[in-house]
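**Student:** with the sequence up front, the predicted model follows.
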Amino acid sequence: MFSNFDFGVVFGSLPYLFGTGMVFTVTLTALAAGMGVVLGTLLAMARLSGVPGLKHVAKVYVELMRSLPLVLVIFWFYFLVPYIGAYLTGASRPIQVGAFSSALITFTLFEAAYFSEIMRAGIQSIPKGQTGAAYALGMTYAQTMITVVLPQAFRNMLPLLLTQTIVLFQDTSLVYVLSLTDFLGAASKVAQRDGRLVEMYLFAAVVYFAVCFSASFLVRRLQRRVAIIR
């Protein structure tokens, strides 16, 4: 079955696959995850703030993002944002955002909706007596969140946040619709160039499996360690 396979093309393309493709994938994942956690935390705080207008806006945003396919959101931002920017600024031509910037903004805003639900659960897992004690000491809502609630919530939700980051790592392969060269895109280009689709896609699947399985294993170990600390 494997007699006609030529895995030499895989080994010969490793510098390109990892030096270009994987670096892009990891960079996009890290930036989108970091920015998504920050925005998601703000959304979670907004939903729990008790301010009616702010609470409902955050809720609508989260539900909207979680109800749309990610690839559709990518298309929206790439094709519509330049025209929206031109309309808001009064420019005569669409404002070019760039493929990478568009992808980063899209993944950040999209993943923030999922991170916000994780952080909301983490915030709600903190006993209300702690927030009540903070308020009794004269702390404001922001001070209570920053110094008392969020540090504990992050610790409790860290395994889930990392698990969602693994999902984000897999989802970055959708940037192919913007002609960006992530790891899967690099493998696809090599496969089409050399006519070795099966070998390259099989190798890409093995790499994705190895990375995600290893990361998931580490997350499970971290989850057990955090549980012991409690």
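**Tutor:** Noted; the coordinates are in hand. Residues are numbered from 1 along each chain as shown.
**Student:** now the closest residue to Leu28 other than its chain neighbours, what's its secondary structure?
**Tutor:** Spatial nearest neighbour of Leu28, chain neighbours left out: Thr172 (5.2 Å); criterion: C-beta to C-beta, 6 or more residues apart in numbering. From N, CA and C alone the C-beta is placed, and that goes for glycine too. The local conformation at Thr172, judged by DSSP: H, G, I helix; E, B strand; the rest coil, is helix.
**Student:** make sure Thr172 is actually in contact with Ala30.
**Tutor:** No: the pair Thr172 / Ala30 is not scored as a contact, 10.4 Å apart, by C-beta atoms under 8 Å.
**Student:** higher neighbour count, those two?
**Tutor:** Thr172 (22 against 13; other C-beta atoms under 10 Å).
**Student:** tell me the contacts of the more buried one?
**Tutor:** By C-beta atoms under 8 Å, 6 or more residues apart in numbering, Thr172 lies in contact with Thr25, Leu28, Thr29, Ala32, Phe107, Asp182.
**Student:** quickly find the element holding the second one.
**Tutor:** Same thing as Leu28. Element membership for Leu28 (DSSP states H and E) is helix 23-48.
**Student:** who are the packing partners of that helix?
**Tutor:** helix 52-66, helix 99-124, helix 150-171, helix 183-194 (3 or more C-beta pairs under 8 Å, 6 or more residues apart in numbering; DSSP states H and E).
**Student:** so what does the third one touch, helix or strand wise?
**Tutor:** In this structure, helix 150-171 makes packing contacts with helix 23-48, helix 99-124, helix 197-229, judged by 3+ C-beta pairs under 8 Å, 6+ apart.
**Student:** looking at those, spot the one closest to Tyr176.
**Tutor:** Taking C-beta to C-beta, helix 99-124 is the member of the helices and strands packed on helix 150-171 nearest to Tyr176, at 10.5 Å.
**Student:** for that closest one, which positions count as buried?
**Tutor:** 102-120, 122-123 (16 or more other C-beta atoms under 10 Å).
**Student:** and for stretch 128-140?
**Tutor:** Under 16+ other C-beta under 10 Å, the buried positions of stretch 128-140 are Thr131, Ala134, Met139.
**Student:** can you tell me the helix or strand for the second one?
**Tutor:** Using DSSP H and E, Ala134 maps to helix 128-136.
**Student:** could you check how far that helix is from the centre of its chain?
**Tutor:** 32 Å (C-alpha atoms, centre = their mean, to the nearest Å).
**Student:** need the contact list for Arg47.
**Tutor:** Lys55, Ala58, Lys59, Val62, Ser116, Arg120 are the contacts of Arg47 under C-beta under 8 Å, 6+ apart.
**Student:** out of these, which one sits closest to Ala46?
**Tutor:** After measuring these against Ala46 - C-beta to C-beta - the closest member comes out as Ala58, at 3.9 Å.
**Student:** residues near the closest one, how many?
**Tutor:** The burial count for Ala58: 22, using other C-beta under 10 Å.
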